[in-house]
Structure formats: C-alpha cells, structure tokens
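>>> build me a model from this:
(one chain, ligands or ions: 1)
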Amino acid sequence: MTSAQIAYLGPAGTFTEQAARQWAPDDAADAWPAPSVPAAVEALREGRVREAVVPFENSVEGSVPATLQALLDGSTDDGVRIIGELHVEVQFSLLVRPGTTLGQVRTVASHPHAFAQTRDWLSARLPQAQQVPESSTARAAQAVAEGGYDAAVAAPGAATAYRLVPAAEHIADREGAVTRFVVLRRGAALPAPTGGDRTTLVVLIWQNRPGALLELLEQFATRGIDLSRLESRPTGEGLGEYCFWIDADAHLSEQRMREALTGLRRTCRDVRFLGSYPRADGRAAAVPPHADDDAYAEAQGWVDRLTRG
Ligand SMILES: O=C(O)C(=O)Cc1ccccc1
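So this is what the prediction gives:
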C-alpha cells in the first residue's frame, strides 16, 4: 500500500466509501480501501494515512463491535481521536451475476449489519439460502463476482464496480435506516467548538460498588449535559466486567464538560477520551443557564473572592 490520504472500510463500493467521499470529496482518488476496520485504524496509528473513516453505529442494529474494539485496542493514549461524524442513509440491493435468478440463489454473503437490516426480506424470499458473513458488503459483492457465492446484500452502487446486477432492490426491512460513520485522526488538534458538539468517552467504573453507575451519570446530570448514547460493553476481562461508551452533547472546551471529565477521572477506574467534534446533524446543544461558561466563571469568581477574603 502506498501512502494515501484517507483509509476506509473497503473494498470499493462499501457504504463507508460513500461516507468517505462525502467527508473528503477531493481525496476520493487517493483513498485506501482497507480490508477491515482494524486495518484502517492501524494504518492511521502507523502514520500511513492522514484520516480513517469507519462505521460506528446504525439506527437499526446498534454499534459496530469491530470499530469499538479497534478504537480500544491501541495504547491508552495513542493520539487517535474522532474528529467528525457523518450520517448516511443506507439502501440495500440483492446483487447477483448476470443471468442468476432469485430461485437459483443458495448462498448470500454480506456484512452482519446488512443481514440484520434485511432479515425479514431474506427469510421471506430466500428462506433456504445460507447466509455467510463477510468483512463488508462490497467484499461480499466482489466474492459473488469471483463465483464464491450466489448473491450479496450490498449497496446498489456496488453492482457497477463488480459487474453484478440487482435481483431485487430496496430490500431493507425498515425504510430510512441511517448509519453513523466516524472520522479518525492521530495527533490532530481538537476541532473547534460549534455549539452543537459531541464528546465520545469510554469509562470503566469500579466494580462491586453500589451506585457506581449512578455516580457516573451524575457527573453529567448535575452539569446540564445531555447524553445521546450510553452503551455497556464487555471489557473482555471476565463475565460482569463492563465499560461504558458515552456520547455526551458538549465539547471539551466547555467548562461543564471539563468539570464532568474531571469528576469522572476522580471517581472512575479509567476514562478514555476519544474526541470532541461537531454533530453531523448540526443541532445546537440546549445548555441550561446554570451550566453555561458564564455561570461557571461567575461562580468560580465568587469562590476566588471568598478565598482572598
Ligand atoms: O459493509 C459496508 O458496506 C460498510 O460500510 C459497513 C456497513 C454495513 C451495513 C450497513 C452500514 C455499514
């Protein structure tokens, strides 16, 4: 692989490629289709690419475990940060080699998230077909072109790249499914606050301490910070050992977020900061008057005056 500007979950024709093009249209010609999410993140850690675009979560199926794991796998401070996010509406087609009919399909390949979003359609229309997970929808389409499977659940646009044709289109069980992609950089300056930002954290609480999760949530609640995502994931250290993935609707440069983070650092076993970045939907955060920077500055000034006497 030569040095590229941007890595994405490949090969060509994935939804992640659509997200990468949307993020950096000028870098499209110099993008590297990584064979997996960990490979894309690794290329970033090794400085072979400037940015990596990876799928993070989906409105139907939830988070993409490979991405969460890849983000945690580095050293505690490898400098890899989320600097942006994108929402992409995904549509699925069943792609086959020209001449294959629906009735001839015995094996279907795709990314597990694509299977999850077309489950009802596949069980109604291809109840006998074997479903084989692949690293991405486009990898599945490529494998169909190579003769490895009869069909792939993939983006409509993948048909052109692999000379396939749709045996069925619009096969998602729910219309309007949205996938959230994140853009990663290593050693990047913190993106400037916009007033509609998000901070992603991974927090380990002390086990066997009653109220530990409540204490974690209070760090945000008392500082007027809305949480848009909270997910517990196993740490891999044993049954019952969990970490919490949190998206908080505030930027690290805001005092309320800095104080929440200080509180987490004091009271939790471990805190990983994965980035503060603008929300894809551009929605401004509703900051209660008691939690804006002016309120913090006024209160801090009062305490300082009391201290000085
Ligand atoms: O496999 C792809 O094309 C991806 O980009 C991952 C994915 C799979 C299914 C829905 C959204 C993203």
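
>>> partner strands of the host helix or strand of residue 167, with direction?
Using DSSP states H and E, residue 167 sits within strand 165-168. Strand 165-168 has the following strand partners under DSSP bridges: strand 93-96 (antiparallel).

>>> is the ligand within reach of the very next helix or strand once past the partner strand?
Next along the chain after strand 93-96, taking DSSP H and E as the criterion, comes strand 107-110. No. Figure legend: strand 107-110 not in contact with the ligand (C-beta under 6 Å from any ligand atom); closest approach 7.5 Å. Every residue, glycine included, has its C-beta placed from N, CA and C.

>>> what's in contact with strand 107-110?
94, 118, 122, 126, 129-134, 137, 140, 143-144, 148-154 (C-beta atoms under 8 Å, 6 or more residues apart in numbering).

>>> what's the first helix or strand after that strand?
helix 112-117.

>>> state the mean pLDDT of that next one.
Averaging pLDDT along helix 112-117 yields 96.

>>> tell me the buried residues in the strand holding residue 167?
166-168 (16 or more other C-beta atoms under 10 Å).

>>> what subset of the contacts of strand 107-110 is buried?
Buried among the contacts of strand 107-110 by 16+ other C-beta under 10 Å: 94, 118, 122, 126, 129, 131, 134, 137, 140, 143-144, 149-154.

>>> which of those residues fall in helices?
When the buried ones among the contacts of strand 107-110 are checked against helices (DSSP state H), the matches are 122, 137, 140, 143-144.

>>> give me the below-cutoff pLDDT ranges for the chain.
Within the chain, the segments meeting pLDDT under 70 span 1-3, 75-76.

>>> show me which residues of it are close to the ligand?
9, 14-16, 55, 58, 90, 111, 113-114, 136-138, 179.

>>> quick check: the farthest pair among those residues?
Pairwise distances across the residues of the chain next to the ligand (C-beta to C-beta) peak at 16.5 Å, for the pair 58 and 138.

>>> ok, the two, which is more surrounded?
Comparing residue 58 with residue 138 by other C-beta atoms under 10 Å, the one with more neighbours is residue 138, at 29 against 20.

>>> is it true that that one touches residue 17?
Yes. With contact defined as C-beta atoms under 8 Å, residue 138 reaches residue 17; the gap is 7.4 Å.

>>> now do the shared contacts for the two.
Joint contacts of residue 138 and residue 17 (C-beta under 8 Å, 6+ apart) are residue 10.

>>> mind giving me the domain ranges of this protein?
Domains of the chain are assigned by automatic domain parsing as 1-89+177-188, 93-168, 190-309.

>>> could you pull up phi and psi at the spatially most central residue of the chain?
Among the residues of the chain, residue 56 comes closest to the average C-alpha position under C-alpha atoms, centre = their mean, at 1.6 Å. Residue 56 adopts backbone torsions of phi -110, psi -50, taken as degrees, to the nearest 10.
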